[in-house]
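Q: below is the sequence, then the predicted model.
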Amino acid sequence: MISLNSATCNNVTCPAGQTCDLRVEEDCADDCAMKPICIPLKLSCVNFTCPQGEECRIRNWQTPNIPYCHILNTTCPENEKYTHTTCCELTCQRRELFCDTEICADRPKCTCNKGFYRRKDGKCVKKELCD
């Protein structure tokens, strides 16, 4: 169980290039309390910008402390589902599965359901309704 207690970064001064963040002690097994620690800026959300409707979170915050954008609303439009994939979704222009984490965003997002393709207007449609 993690408890916030009264932990805060308000009175913490970190060295240059670092910022304060509330974290759980790495070796804590039970009844863990959050405590303020200084972390490098590149491992925080301080200089990390997310699109509207998303917020920065830390992936695997103990290690390797990677900031990523998390979609706040996981409700997807018709014919879509919220999922995590490293493959680019099928579109009316690209109908073969293509997987490349450098090109395809490696993060949870709304993607077209099986048997549907993303049209230029952003909607997921059956192949027959592609442009």
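A: Perfect, thanks for sending it.
Q: can you give me the strands in the protein?
A: Using DSSP state E, the strands of the chain run over 2-3, 18-24, 32-40, 54-59, 66-71, 80-85, 87-88, 98-99, 107-112, 116-118, 124-126.
Q: out of the ones you listed, which one sits most buried?
A: strand 116-118 (a mean of 20; mean count of other CB atoms under 10 Å). For glycine as for every other residue, the C-beta is placed from the backbone atoms N, C-alpha and C.
Q: so what touches that one?
A: For strand 116-118, the external contacting residues (CB atoms under 8 Å, 6 or more residues apart in numbering) are 79-80, 89-92, 95, 112, 124-127, 130.
Q: just how off-centre is it within its chain?
A: Averaged C-alpha coordinates place strand 116-118 at 23 Å from its chain's average position (CA atoms, centre = their mean, to the nearest Å).
Q: just for the chain, where's the confidence low?
A: Within the chain, the ranges that satisfy pLDDT under 70 run 1-6, 24-32, 59-65, 86, 100-107.
Q: domains in it, by residue range?
A: Domain ranges of the chain: 2-71, 80-124, per automatic domain parsing.
Q: can you redo the strands of the chain as CSV with distance to residue 46?
A: Shown next, in CSV, are the strands of the chain (distance: least, CB to CB, whole Å):
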stretch, distance to residue 46
strand 2-3, 22
strand 18-24, 5
strand 32-40, 9
strand 54-59, 9
strand 66-71, 9
strand 80-85, 25
strand 87-88, 30
strand 98-99, 32
strand 107-112, 19
strand 116-118, 33
strand 124-126, 36
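Q: nearest to residue 11, out of these?
A: Counting by CB to CB, residue 11 lies closest to strand 32-40 out of the strands of the chain; the figure is 8.5 Å.
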